[in-house]
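> Please find the sequence and the predicted model below.
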Amino acid sequence: MMRMTFYWGNKVTLLFDFWRTDSWSSYALALLACFIVSVFYQYMEDRHQRFKILSSKSKKNYPPSSSNVTVNTPLLYSFPTVGSVWNSARFATAILFGINSAIGYMLMLAIMSFNGGVFVAVVLGLSIGYLLFRTGEEDVVVVDNPCSCA
């Protein structure tokens, strides 16, 4: 039976039936794996943002830019042509988005095991990954989709 409240203990099932911990050593390895995947998630998010910037530099500006236009109107943009959709930077951005989404959902499902140690390992891994990979010297502003599922 699945637990519905946080608990602290070394007996946890993560993501798959075969990934069960029954000792402190297997539990520590599972927490280490959660931590490493969380750090890797932040690394991949950084790569995704960098490819997104490259992709936006290589496509046409829709609508035409002018100095007095300050309102962003995404619904009035023209659809990109087939050639601009299949350039290598946009393709890499789409691949990284898919990989990062899969990793993010797997981390969410791991946290849904309701084990306190898994929760701490994932949050700590995300925080350290953010510190290592996402707090660079350059000031990059990326306006992204406000939808929480994108």
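Perfect, I can see it now.
> For the rest of this, base every contact and every neighbour count on C-alpha atoms.
Will do.
> for the record, mean pLDDT for the helix or strand that contains residue 119?
Element membership for residue 119 (DSSP states H and E) is helix 116-129. Across helix 116-129, the average pLDDT comes to 95.
> helices or strands up against that helix?
The elements that helix 116-129 packs onto, with contact taken as 3 or more C-alpha pairs under 8 Å, 6 or more residues apart in numbering; DSSP states H and E, are helix 24-58, helix 88-111.
> and residue 16, which of these is closest to it?
Among these, helix 88-111 comes nearest to residue 16, with 9.7 Å by C-alpha to C-alpha.
> which residues touch stretch 25-34?
By C-alpha atoms under 8 Å, 6 or more residues apart in numbering, the residues outside stretch 25-34 that reach it are 10-12, 21, 107, 117-118, 121-122, 125.
> one more time with 10 Å
With contact meaning C-alpha atoms under 10 Å, 6 or more residues apart in numbering, stretch 25-34 is reached by 9-14, 19-21, 24, 35-40, 106-107, 110-111, 117-126.
> Report the contact partners of the closest residue to residue 22 other than its chain neighbours.
Counting by C-alpha to C-alpha, 6 or more residues apart in numbering, residue 22 lies nearest to residue 11, which is 5.0 Å off, once chain neighbours are set aside. Contacts were defined as C-alpha under 10 Å, 6+ apart; by that measure residue 11 touches 20-24, 26-27, 115.
> again, but for residue 97
With C-alpha under 10 Å, 6+ apart, residue 97 has these contacts: 44-45, 47-49, 52, 91, 103, 150.
> Just the buried ones among these, please.
44-45, 47-49, 52, 103 (16 or more other C-alpha atoms under 10 Å).
> tell me the least confident of those?
Least confident by pLDDT among the buried ones among the contacts of residue 97: that is residue 52, with 74.
> Next one: that residue from residue 125, what distance?
Distance from residue 52 to residue 125, counting by C-alpha to C-alpha, to the nearest Å: 24 Å.
> Also residue 31?
Using C-alpha to C-alpha, one obtains 10 Å as the distance from residue 31 to residue 125.
> Name the residues contacting each of those two.
37, 119.
> more crowded one of the two?
Each of residue 31 and residue 125 has its neighbours counted (other C-alpha atoms under 10 Å); residue 125 has more, 24 against 19.
> State the distance from the more buried one to residue 40.
Using C-alpha to C-alpha, we find residue 125 at a distance of 9 Å from residue 40.
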